[in-house]
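A.B. asks: okay, sequence plus prediction incoming.
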Amino acid sequence: MWRMAAFDVHLETDLPPAEAWRRVLDLRAHSEVIPLTTVTGDHLEAAALAPGSRFVARTALGPIGFDDVMVIDSIEQPVDGSGARARIHKEGKLIGGTIDFRVTPTTSGSTVDWVQQISVRGVPRAADPVVARVARTAYGKALRDLLRRG
């Protein structure tokens, strides 16, 4: 079992929960907001994702890169203004871990919570604080960019 660095991103948005959910889990948009990354899979729209859905985020510069393979473990889509949640695990050769993603309604829109445990094969445990800090910064930017997209 890999050891894990942990981080979380908490964002407030004026978007209703269903729209925040749709924007964050529009996996096609990840290809546009995450540098050097292309996401592929059978289902790339939030509404089509279900337990067992698999997708791959390929990050590469020319022929050099790696695949971040992910699988939806559980998902509760938003219904009639309700919140929503998903649990995703990473099963790539380089990156492992879990993601717990939740959108919760508020009086002014919704909150987005992204809680992740991440492990990068070959990176020593002493580097976990650095891995967590870098990942929190990168994921926070990507989530804000996704929420801003129409």
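C.D. replies: That came in fine, so what should we check first?
A.B. asks: what's the distance between the most centrally placed residue in the chain and Asp73?
C.D. replies: Residue closest to the average C-alpha location in the chain (Cα atoms, centre = their mean): Ile99, at 6.6 Å. Distance, Ile99 to Asp73, using Cβ to Cβ, to the nearest Å: 9 Å. Quick note: C-beta positions are derived from backbone N, CA and C, even for glycine.
A.B. asks: cool, and Thr137?
C.D. replies: Counting by Cβ to Cβ, the separation of Thr137 from Asp73 is 26 Å.
A.B. asks: the two: which has the busier surroundings?
C.D. replies: Asp73 (15 against 12; other Cβ atoms under 10 Å).
A.B. asks: partners of the helix or strand that one falls within in the sheet?
C.D. replies: Secondary structure from DSSP states H and E places Asp73 in strand 64-76. Looking at strand 64-76 with DSSP bridges, its partner strands are strand 54-61 (antiparallel), strand 84-91 (antiparallel).
A.B. asks: just name the most buried of these.
C.D. replies: strand 84-91 (a mean of 18; mean count of other Cβ atoms under 10 Å).
A.B. asks: going on from that one, what's the next piece of helix or strand?
C.D. replies: Assignment by DSSP H and E places the next element after strand 84-91 at strand 95-106.
A.B. asks: for the following helix or strand past that next one, which strands pair with it and how are they oriented?
C.D. replies: Going down the chain from strand 95-106, the next helix or strand is strand 109-120, by DSSP H and E. Paired neighbours of strand 109-120 in the sheet (DSSP bridges): strand 5-13 (antiparallel), strand 95-106 (antiparallel).
A.B. asks: show me what counts as buried in strand 109-120.
C.D. replies: For strand 109-120, burial by neighbour count (16 or more other Cβ atoms under 10 Å) applies to Gly109, Ser110, Thr111, Val112, Asp113, Trp114, Gln116, Gln117, Ile118, Ser119, Val120.
A.B. asks: and Arg144, which of the strands paired with strand 109-120 is closest to it?
C.D. replies: strand 5-13 (6.6 Å; Cβ to Cβ).
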